[in-house]
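[1] have a look; sequence and predicted model below, questions after that.
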Amino acid sequence: MQLDVRTIVWLIALSSLMTGLAMFLVAGSFPEQVRGIRRWAWACLMHALGWSLVALRGAIPDALSIVAANTLIAAATIANFHALLDFLHLRFSPRPFYAFLLVIAAALAFWTFEAPDMSARIVVMSAISAGFLGLCGTRLIFPRGRFEWPRGITQRTMILGFWGCSLAAALRLWHTLTQAPSQNLFTFNWVEGLFYGGIFIQILMLTFGFLLMCNEQIINEWKRMATFDPLTGIWNRAAIEKSGNHAFEQAKRSGAPLSVLLGDIDYFKSINDTLGHEGGDRALRLVVDTLQNFLRAGDIMGRYGGEEFLFIAPNTNALDALQLAERLRLAISQTPLENTGGAMSLTVSFGVAQLDEADSDLHALIRRADIALYRAKEQGRNRVVLSEASAPTLKKVAPFPLQSVI
(Lines give C-alpha, C1' and ligand atoms only; values in the text may rest on other atoms or scores of the structure.)
Protein backbone atom coordinates (compact mmCIF):
# COMPACT_ATOMS: atom_id res chain seq x y z
CA MET A 1 0.00 0.00 0.00
CA GLN A 2 1.47 3.35 -1.06
CA LEU A 3 0.77 6.42 1.05
CA ASP A 4 -0.65 9.51 -0.62
CA VAL A 5 1.75 12.39 -0.04
CA ARG A 6 -0.88 15.07 -0.60
CA THR A 7 -3.01 13.49 2.15
CA ILE A 8 0.01 13.51 4.49
CA VAL A 9 0.54 17.20 3.74
CA TRP A 10 -3.10 17.95 4.54
CA LEU A 11 -2.72 16.03 7.82
CA ILE A 12 0.37 18.14 8.64
CA ALA A 13 -1.58 21.33 7.93
CA LEU A 14 -4.56 20.20 10.01
CA SER A 15 -2.42 19.10 12.97
CA SER A 16 -0.57 22.43 12.81
CA LEU A 17 -3.84 24.34 12.91
CA MET A 18 -5.23 22.34 15.84
CA THR A 19 -2.06 22.50 17.93
CA GLY A 20 -1.65 26.22 17.24
CA LEU A 21 -5.19 26.99 18.35
CA ALA A 22 -4.80 24.75 21.41
CA MET A 23 -1.62 26.57 22.42
CA PHE A 24 -3.35 29.94 22.16
CA LEU A 25 -6.11 28.62 24.42
CA VAL A 26 -3.72 27.43 27.14
CA ALA A 27 -1.21 30.29 26.88
CA GLY A 28 -3.19 32.50 29.24
CA SER A 29 -3.03 29.89 32.01
CA PHE A 30 0.76 30.06 32.21
CA PRO A 31 2.52 32.71 34.35
CA GLU A 32 4.45 35.51 32.66
CA GLN A 33 7.85 34.01 33.44
CA VAL A 34 7.06 31.06 31.15
CA ARG A 35 7.81 32.52 27.73
CA GLY A 36 7.53 31.46 24.12
CA ILE A 37 4.12 29.76 24.12
CA ARG A 38 2.28 32.30 21.95
CA ARG A 39 5.22 32.59 19.56
CA TRP A 40 5.26 28.80 19.15
CA ALA A 41 1.50 28.94 18.55
CA TRP A 42 2.01 31.50 15.78
CA ALA A 43 4.64 29.19 14.29
CA CYS A 44 2.07 26.38 14.22
CA LEU A 45 -0.45 28.60 12.42
CA MET A 46 2.18 29.63 9.87
CA HIS A 47 2.97 25.96 9.33
CA ALA A 48 -0.76 25.30 8.87
CA LEU A 49 -1.14 28.00 6.22
CA GLY A 50 2.13 27.12 4.50
CA TRP A 51 1.42 23.39 4.23
CA SER A 52 -2.18 24.06 3.16
CA LEU A 53 -0.81 26.08 0.23
CA VAL A 54 1.60 23.23 -0.57
CA ALA A 55 -1.30 20.74 -0.58
CA LEU A 56 -3.09 22.96 -3.10
CA ARG A 57 -0.16 22.75 -5.54
CA GLY A 58 -1.59 22.66 -9.06
CA ALA A 59 -4.92 24.12 -8.03
CA ILE A 60 -3.67 27.63 -7.18
CA PRO A 61 -0.93 29.82 -8.69
CA ASP A 62 2.69 28.79 -8.11
CA ALA A 63 3.33 32.15 -6.49
CA LEU A 64 1.13 30.95 -3.64
CA SER A 65 1.72 27.19 -3.60
CA ILE A 66 5.51 27.44 -3.99
CA VAL A 67 6.93 30.85 -3.12
CA ALA A 68 4.50 31.96 -0.42
CA ALA A 69 4.07 28.45 0.97
CA ASN A 70 7.76 27.73 1.39
CA THR A 71 8.49 31.22 2.72
CA LEU A 72 5.79 30.71 5.37
CA ILE A 73 7.23 27.30 6.30
CA ALA A 74 10.72 28.79 6.60
CA ALA A 75 9.33 31.63 8.73
CA ALA A 76 7.51 29.10 10.93
CA THR A 77 10.70 27.11 11.47
CA ILE A 78 12.54 30.28 12.48
CA ALA A 79 9.63 31.20 14.77
CA ASN A 80 10.01 27.79 16.49
CA PHE A 81 13.65 28.66 17.15
CA HIS A 82 12.67 32.14 18.37
CA ALA A 83 10.08 30.62 20.72
CA LEU A 84 12.67 28.25 22.15
CA LEU A 85 15.04 31.15 22.84
CA ASP A 86 12.20 33.00 24.55
CA PHE A 87 11.55 29.93 26.69
CA LEU A 88 15.23 29.84 27.67
CA HIS A 89 15.14 33.62 28.36
CA LEU A 90 17.76 34.23 25.68
CA ARG A 91 18.00 37.24 23.41
CA PHE A 92 16.88 37.00 19.78
CA SER A 93 17.66 39.63 17.13
CA PRO A 94 14.93 39.30 14.48
CA ARG A 95 16.19 41.72 11.82
CA PRO A 96 18.84 39.39 10.29
CA PHE A 97 16.21 36.67 10.02
CA TYR A 98 13.73 38.99 8.29
CA ALA A 99 16.45 39.79 5.77
CA PHE A 100 17.17 36.07 5.46
CA LEU A 101 13.50 35.37 4.68
CA LEU A 102 13.51 38.01 1.95
CA VAL A 103 16.52 36.32 0.37
CA ILE A 104 14.80 32.93 0.62
CA ALA A 105 11.62 34.30 -0.98
CA ALA A 106 13.64 35.83 -3.81
CA ALA A 107 15.55 32.58 -4.39
CA LEU A 108 12.33 30.56 -4.41
CA ALA A 109 10.79 32.97 -6.92
CA PHE A 110 13.88 32.71 -9.14
CA TRP A 111 13.85 28.88 -9.10
CA THR A 112 10.10 28.90 -9.75
CA PHE A 113 9.70 31.43 -12.57
CA GLU A 114 13.11 32.41 -14.00
CA ALA A 115 14.97 29.11 -13.84
CA PRO A 116 12.51 26.45 -12.63
CA ASP A 117 14.39 23.94 -10.48
CA MET A 118 12.52 21.89 -7.90
CA SER A 119 15.76 20.28 -6.70
CA ALA A 120 17.20 23.68 -5.77
CA ARG A 121 14.04 24.55 -3.86
CA ILE A 122 14.13 21.24 -1.98
CA VAL A 123 17.80 21.76 -1.10
CA VAL A 124 17.11 25.24 0.28
CA MET A 125 14.08 24.22 2.35
CA SER A 126 15.73 21.03 3.63
CA ALA A 127 18.81 23.00 4.66
CA ILE A 128 16.64 25.50 6.57
CA SER A 129 14.79 22.73 8.40
CA ALA A 130 17.92 20.74 9.17
CA GLY A 131 19.83 23.82 10.33
CA PHE A 132 17.24 25.44 12.59
CA LEU A 133 15.89 22.20 14.08
CA GLY A 134 19.41 21.04 14.82
CA LEU A 135 20.15 24.43 16.33
CA CYS A 136 17.08 24.10 18.58
CA GLY A 137 18.35 20.81 19.99
CA THR A 138 21.85 22.21 20.44
CA ARG A 139 20.54 25.30 22.24
CA LEU A 140 18.88 23.11 24.86
CA ILE A 141 22.33 21.72 25.70
CA PHE A 142 24.27 24.97 25.31
CA PRO A 143 21.68 27.56 26.44
CA ARG A 144 24.24 30.18 27.47
CA GLY A 145 27.32 29.22 25.53
CA ARG A 146 28.40 26.43 27.86
CA PHE A 147 27.40 22.78 28.19
CA GLU A 148 24.41 22.23 30.50
CA TRP A 149 22.84 18.78 30.21
CA PRO A 150 19.13 19.21 31.05
CA ARG A 151 17.91 17.50 34.20
CA GLY A 152 14.31 17.06 33.06
CA ILE A 153 13.34 14.07 30.92
CA THR A 154 11.15 16.32 28.76
CA GLN A 155 14.01 18.52 27.60
CA ARG A 156 16.19 15.49 26.94
CA THR A 157 13.44 13.98 24.80
CA MET A 158 13.02 17.30 22.99
CA ILE A 159 16.72 17.32 22.14
CA LEU A 160 16.38 13.91 20.51
CA GLY A 161 13.21 15.06 18.76
CA PHE A 162 14.81 18.18 17.31
CA TRP A 163 17.89 16.29 16.19
CA GLY A 164 15.78 13.47 14.73
CA CYS A 165 13.74 15.91 12.64
CA SER A 166 16.94 17.68 11.63
CA LEU A 167 18.43 14.37 10.51
CA ALA A 168 15.33 13.59 8.43
CA ALA A 169 15.65 16.95 6.66
CA ALA A 170 19.39 16.40 6.18
CA LEU A 171 18.72 12.99 4.57
CA ARG A 172 16.28 14.63 2.19
CA LEU A 173 18.93 17.22 1.36
CA TRP A 174 21.53 14.49 0.74
CA HIS A 175 19.11 12.43 -1.37
CA THR A 176 18.23 15.45 -3.51
CA LEU A 177 21.89 16.26 -4.12
CA THR A 178 22.87 12.68 -4.99
CA GLN A 179 19.74 11.41 -6.78
CA ALA A 180 17.59 12.92 -9.48
CA PRO A 181 14.31 13.61 -7.67
CA SER A 182 10.93 13.16 -9.30
CA GLN A 183 9.52 16.38 -10.68
CA ASN A 184 6.22 15.50 -9.03
CA LEU A 185 6.28 16.75 -5.44
CA PHE A 186 3.69 14.19 -4.38
CA THR A 187 5.59 11.10 -5.54
CA PHE A 188 6.19 8.89 -2.50
CA ASN A 189 9.57 7.31 -1.66
CA TRP A 190 11.27 6.35 1.60
CA VAL A 191 13.18 9.65 1.88
CA GLU A 192 10.05 11.75 1.34
CA GLY A 193 8.16 9.55 3.79
CA LEU A 194 10.89 10.04 6.40
CA PHE A 195 10.94 13.78 5.76
CA TYR A 196 7.19 14.27 6.03
CA GLY A 197 7.12 12.03 9.08
CA GLY A 198 9.75 14.30 10.60
CA ILE A 199 7.63 17.36 9.82
CA PHE A 200 4.62 15.73 11.44
CA ILE A 201 6.68 14.96 14.57
CA GLN A 202 8.11 18.48 14.55
CA ILE A 203 4.70 20.10 14.52
CA LEU A 204 2.67 17.70 16.63
CA MET A 205 4.98 15.91 19.04
CA LEU A 206 7.48 18.73 19.54
CA THR A 207 4.61 21.14 20.20
CA PHE A 208 3.29 18.96 22.99
CA GLY A 209 6.87 18.52 24.18
CA PHE A 210 7.26 22.30 24.29
CA LEU A 211 4.11 22.57 26.42
CA LEU A 212 5.46 19.87 28.73
CA MET A 213 8.71 21.82 29.07
CA CYS A 214 6.70 24.90 30.04
CA ASN A 215 4.74 22.87 32.58
CA GLU A 216 7.98 21.41 33.94
CA GLN A 217 9.36 24.93 34.31
CA ILE A 218 6.34 25.92 36.40
CA ILE A 219 6.73 22.85 38.63
CA ASN A 220 10.41 23.61 39.14
CA GLU A 221 9.52 27.21 40.01
CA TRP A 222 6.98 26.00 42.57
CA LYS A 223 9.60 23.71 44.08
CA ARG A 224 12.07 26.59 44.19
CA MET A 225 9.53 28.85 45.87
CA ALA A 226 8.77 26.13 48.39
CA THR A 227 12.47 25.78 49.18
CA PHE A 228 14.16 29.15 48.76
CA ASP A 229 13.50 32.60 50.18
CA PRO A 230 12.55 34.80 47.19
CA LEU A 231 14.35 37.90 48.47
CA THR A 232 17.72 36.51 49.51
CA GLY A 233 17.91 33.31 47.45
CA ILE A 234 18.85 31.14 50.45
CA TRP A 235 16.76 28.39 51.99
CA ASN A 236 13.54 29.38 53.68
CA ARG A 237 12.49 28.24 57.15
CA ALA A 238 10.73 25.06 56.04
CA ALA A 239 13.67 23.93 53.90
CA ILE A 240 16.35 24.60 56.51
CA GLU A 241 14.31 22.87 59.22
CA LYS A 242 13.88 19.82 57.00
CA SER A 243 17.60 19.61 56.30
CA GLY A 244 18.42 20.52 59.91
CA ASN A 245 16.24 17.69 61.24
CA HIS A 246 18.23 15.25 59.13
CA ALA A 247 21.51 16.65 60.48
CA PHE A 248 20.11 16.53 64.03
CA GLU A 249 19.12 12.86 63.78
CA GLN A 250 22.45 11.97 62.22
CA ALA A 251 24.36 13.72 65.01
CA LYS A 252 22.21 11.98 67.64
CA ARG A 253 22.98 8.56 66.15
CA SER A 254 26.69 9.11 65.61
CA GLY A 255 27.46 11.20 68.68
CA ALA A 256 29.16 13.83 66.50
CA PRO A 257 28.89 17.46 67.66
CA LEU A 258 26.32 19.74 66.09
CA SER A 259 25.89 23.46 66.68
CA VAL A 260 23.41 26.09 65.59
CA LEU A 261 23.95 29.83 65.19
CA LEU A 262 20.94 32.11 65.18
CA GLY A 263 21.71 35.62 63.95
CA ASP A 264 19.55 38.72 63.91
CA ILE A 265 20.25 42.09 62.24
CA ASP A 266 20.44 44.77 64.92
CA TYR A 267 18.01 47.73 64.79
CA PHE A 268 16.46 46.44 61.59
CA LYS A 269 13.28 48.47 62.12
CA SER A 270 15.28 51.68 62.16
CA ILE A 271 16.92 50.64 58.87
CA ASN A 272 13.48 50.27 57.33
CA ASP A 273 12.36 53.56 58.83
CA THR A 274 15.43 55.37 57.51
CA LEU A 275 15.90 53.77 54.09
CA GLY A 276 12.44 52.38 53.45
CA HIS A 277 11.59 48.77 52.74
CA GLU A 278 13.76 48.76 49.63
CA GLY A 279 16.74 49.72 51.81
CA GLY A 280 15.80 47.01 54.30
CA ASP A 281 15.75 44.47 51.47
CA ARG A 282 19.22 45.60 50.37
CA ALA A 283 20.43 45.19 53.94
CA LEU A 284 19.10 41.65 54.07
CA ARG A 285 20.78 40.74 50.79
CA LEU A 286 24.06 42.33 51.87
CA VAL A 287 24.10 40.33 55.10
CA VAL A 288 23.30 37.11 53.25
CA ASP A 289 26.05 37.72 50.66
CA THR A 290 28.52 38.29 53.51
CA LEU A 291 27.41 35.22 55.45
CA GLN A 292 27.67 32.98 52.38
CA ASN A 293 31.37 33.78 52.08
CA PHE A 294 31.92 31.87 55.32
CA LEU A 295 29.89 28.78 54.55
CA ARG A 296 31.90 25.61 54.98
CA ALA A 297 31.31 22.21 53.40
CA GLY A 298 28.28 20.71 55.10
CA ASP A 299 27.04 23.95 56.69
CA ILE A 300 23.37 24.80 56.24
CA MET A 301 22.10 28.38 56.15
CA GLY A 302 18.63 29.80 55.70
CA ARG A 303 16.40 32.74 56.47
CA TYR A 304 14.58 31.76 59.64
CA GLY A 305 12.12 34.64 59.70
CA GLY A 306 12.15 38.40 59.18
CA GLU A 307 15.73 39.53 59.73
CA GLU A 308 16.83 36.27 61.43
CA PHE A 309 19.26 33.79 59.86
CA LEU A 310 19.94 30.25 61.01
CA PHE A 311 23.24 28.42 60.62
CA ILE A 312 23.33 24.68 61.25
CA ALA A 313 26.91 23.47 61.56
CA PRO A 314 27.41 19.66 61.61
CA ASN A 315 30.58 18.26 63.19
CA THR A 316 31.10 21.58 64.98
CA ASN A 317 31.47 21.93 68.74
CA ALA A 318 30.55 25.02 70.76
CA LEU A 319 34.05 26.50 70.61
CA ASP A 320 34.28 26.20 66.83
CA ALA A 321 30.75 27.56 66.53
CA LEU A 322 31.71 30.58 68.62
CA GLN A 323 34.72 31.22 66.42
CA LEU A 324 32.54 31.00 63.33
CA ALA A 325 29.91 33.33 64.81
CA GLU A 326 32.56 35.86 65.76
CA ARG A 327 34.01 35.83 62.24
CA LEU A 328 30.53 36.36 60.83
CA ARG A 329 29.83 39.20 63.26
CA LEU A 330 33.09 40.98 62.43
CA ALA A 331 32.67 40.54 58.67
CA ILE A 332 29.19 42.08 58.71
CA SER A 333 30.25 45.00 60.92
CA GLN A 334 33.05 45.74 58.44
CA THR A 335 30.75 45.68 55.38
CA PRO A 336 28.84 48.99 55.16
CA LEU A 337 25.52 49.32 53.37
CA GLU A 338 25.89 51.91 50.62
CA ASN A 339 22.98 54.29 50.04
CA THR A 340 22.38 57.74 48.61
CA GLY A 341 22.90 59.41 51.99
CA GLY A 342 26.24 57.68 52.56
CA ALA A 343 27.33 54.33 53.97
CA MET A 344 25.44 52.81 56.89
CA SER A 345 27.02 50.33 59.30
CA LEU A 346 25.24 47.05 59.92
CA THR A 347 25.69 44.77 62.92
CA VAL A 348 24.34 41.35 63.78
CA SER A 349 23.91 39.60 67.13
CA PHE A 350 24.31 35.83 67.42
CA GLY A 351 23.04 33.17 69.77
CA VAL A 352 24.99 29.89 69.72
CA ALA A 353 24.09 26.46 71.07
CA GLN A 354 25.63 23.01 70.81
CA LEU A 355 23.58 19.81 70.70
CA ASP A 356 23.02 18.40 74.16
CA GLU A 357 21.64 15.05 75.31
CA ALA A 358 18.65 16.87 76.75
CA ASP A 359 17.65 18.25 73.32
CA SER A 360 14.71 16.14 72.17
CA ASP A 361 14.58 17.65 68.69
CA LEU A 362 16.03 20.39 66.53
CA HIS A 363 13.53 22.94 67.83
CA ALA A 364 14.79 22.44 71.37
CA LEU A 365 18.33 23.20 70.21
CA ILE A 366 17.18 26.27 68.26
CA ARG A 367 15.21 27.51 71.29
CA ARG A 368 18.40 27.55 73.36
CA ALA A 369 20.16 29.51 70.62
CA ASP A 370 17.18 31.87 70.51
CA ILE A 371 17.43 32.49 74.27
CA ALA A 372 21.14 33.24 73.83
CA LEU A 373 20.30 35.63 71.00
CA TYR A 374 17.75 37.39 73.21
CA ARG A 375 20.44 37.91 75.84
CA ALA A 376 22.79 39.30 73.20
CA LYS A 377 20.14 41.86 72.32
CA GLU A 378 19.62 42.72 75.99
CA GLN A 379 23.32 43.26 76.57
CA GLY A 380 23.80 45.82 73.82
CA ARG A 381 23.71 43.91 70.50
CA ASN A 382 26.58 43.30 68.08
CA ARG A 383 27.84 40.41 70.16
CA VAL A 384 27.97 36.61 70.36
CA VAL A 385 26.30 34.82 73.26
CA LEU A 386 26.56 31.12 74.05
CA SER A 387 23.80 29.01 75.54
CA GLU A 388 24.44 28.01 79.14
CA ALA A 389 24.31 24.26 78.42
CA SER A 390 27.25 24.71 76.02
CA ALA A 391 29.30 27.05 78.21
CA PRO A 392 31.53 24.91 80.49
CA THR A 393 35.29 25.59 80.15
CA LEU A 394 34.85 27.81 77.10
CA LYS A 395 35.69 30.99 78.98
CA LYS A 396 39.19 29.64 79.54
CA VAL A 397 39.91 28.39 76.03
CA ALA A 398 38.04 30.80 73.76
CA PRO A 399 40.50 32.54 71.41
CA PHE A 400 38.64 35.87 71.73
CA PRO A 401 36.93 37.58 74.68
CA LEU A 402 33.36 36.39 74.89
CA GLN A 403 31.07 39.35 75.41
CA SER A 404 28.63 37.18 77.33
CA VAL A 405 27.98 33.55 78.18
CA ILE A 406 24.67 32.56 79.76
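    Done, it's in.
[2] not counting stretch 289-306 itself, show me its contacts.
    229, 231-232, 234-237, 239-240, 243-244, 247, 262-263, 268, 284, 288, 309-315, 324, 327-328, 331-332, 335 (Cβ atoms under 8 Å, 6 or more residues apart in numbering). Quick note: C-beta positions are derived from backbone N, CA and C, even for glycine.
[3] so how far is I12 from T112?
    Separation of T112 from I12 (Cβ to Cβ, to the nearest Å): 21 Å.
[4] actually Q379, not the one I wrote
    76 Å.
[5] compare those two (neighbour count), which wins?
    The neighbour count for Q379 versus I12, taken as other Cβ atoms under 10 Å, is higher for I12 (25 against 14).
[6] list the contacts of the more buried one.
    Counting by Cβ under 8 Å, 6+ apart, I12 touches 47, 51, 196, 199-200, 203.
[7] tell me the buried residues in stretch 237-254?
    239-241, 243-244, 247-248, 251 (16 or more other Cβ atoms under 10 Å).
[8] actually stretch 287-295, sorry about that
    By 16+ other Cβ under 10 Å, the buried positions in stretch 287-295 come out as 287-288, 290-291.
[9] can you give me the helices for the stretch 251-400 of the chain?
    For the stretch 251-400 of the chain, the helices defined by DSSP state H, counting those that start in this stretch occupy 268-292, 318-333, 362-378, 394-397.
[10] need those in TSV with mean pLDDT and distance to R144, can you?
    Supplementary listing: the helices of the stretch 251-400 of the chain in TSV, determined by pLDDT from 0 to 100; distance: least, Cβ to Cβ, whole Å:
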stretch	mean pLDDT	distance to R144
helix 268-292	86	22
helix 318-333	91	31
helix 362-378	92	38
helix 394-397	43	48
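[11] T232 touches R285, doesn't it?
    Yes. Here T232 lies in contact with R285, judged by Cβ atoms under 8 Å, at a distance of 5.8 Å.
[12] more neighbours, those two?
    Remark: of T232 and R285, T232 carries more neighbours, 21 against 15, as counted by other Cβ under 10 Å.
[13] could you find the closest non-adjacent residue to the more buried one?
    Nearest residue to T232, sequence neighbours excluded (Cβ to Cβ, 6 or more residues apart in numbering): V288, at 4.3 Å.
[14] what about that neighbour, distance to F311?
    Counting by Cβ to Cβ, the gap from V288 to F311 is 12 Å.
[15] what's the answer for L173, then?
    Applying Cβ to Cβ, the value for L173 to F311 is 60 Å.
[16] again, but for A48
    Distance from A48 to F311, by Cβ to Cβ: 58 Å.
[17] please identify which of these two sits among more neighbours.
    Neighbour count, other Cβ under 10 Å: between A48 and F311, F311 has more, with 28 against 23.
[18] quick one: closest of the helices of the stretch 251-400 of the chain to F97.
    F97 lies closest to helix 268-292 among the helices of the stretch 251-400 of the chain, at 38.9 Å (Cβ to Cβ).
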